[in-house]
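K.L.:
heads up, no residue letters with this:
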């Protein structure tokens, strides 16, 4: 989880805590891609993660992470987006928020 990403609902926290396999990302509707700022890498994907890291920095910067990380699951049933890029506030129904400048945008966990 990147430092400007926030989990805002018990529902998404429970989903993440229940993840026991795969490499999971959540959906970024703004760009129509998996959201790499919020991902769950379970133990069965550690070798895949090591393979990504082994590509080296130069190779990794040649393409967007959204399109090159080998996610095994992309969850689209949760409300979230890169709200910090386009909005001055996070909608109350959001399960997660990314690209948030926390001092400028209020972040509230709904529990």
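P.N.:
Received, thanks. Quantities reported herein were computed from a predicted structural model and do not represent experimental measurements.
K.L.:
all contacts plus neighbour counts: C-alpha atoms, from now on.
P.N.:
Noted.
K.L.:
in the chain, which spans are strands?
P.N.:
6-7, 23-28, 33-41, 73-75, 80-81, 96-97 (DSSP state E).
K.L.:
let's have those in a markdown table, adding mean pLDDT and distance to residue 106.
P.N.:
Output for the strands of the chain, formatted as a markdown table (pLDDT from 0 to 100; distance: least, C-alpha to C-alpha, whole Å):
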| stretch | mean pLDDT | distance to residue 106 |
| --- | --- | --- |
| strand 6-7 | 95 | 11 |
| strand 23-28 | 97 | 20 |
| strand 33-41 | 96 | 19 |
| strand 73-75 | 97 | 25 |
| strand 80-81 | 96 | 15 |
| strand 96-97 | 95 | 11 |
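K.L.:
so can I have TSV of those strands showing mean neighbour count and distance to residue 109?
P.N.:
TSV is the format used below for the strands of the chain (neighbours: other C-alpha atoms under 10 Å; distance: least, C-alpha to C-alpha, whole Å):
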stretch	mean neighbour count	distance to residue 109
strand 6-7	22	7
strand 23-28	23	18
strand 33-41	20	16
strand 73-75	15	20
strand 80-81	24	13
strand 96-97	24	9
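K.L.:
minimum distance to residue 110: which of these has it?
P.N.:
strand 6-7 (9.3 Å; C-alpha to C-alpha).
K.L.:
what's that closest one packed up against?
P.N.:
The helices and strands touching strand 6-7, judged by 3 or more C-alpha pairs under 8 Å, 6 or more residues apart in numbering; DSSP states H and E, are strand 96-97.
K.L.:
how many neighbours does residue 62 have?
P.N.:
Neighbour count of residue 62, defined by other C-alpha atoms under 10 Å: 9.
K.L.:
tell me who's in contact with the residue most central in space within the chain.
P.N.:
Centroid check for the chain by C-alpha atoms, centre = their mean gives residue 38 as the closest residue, at 2.0 Å. For residue 38, the contacting residues are 1-2, 5, 25-26, by C-alpha atoms under 8 Å, 6 or more residues apart in numbering.
K.L.:
thanks again, I'm all set now.
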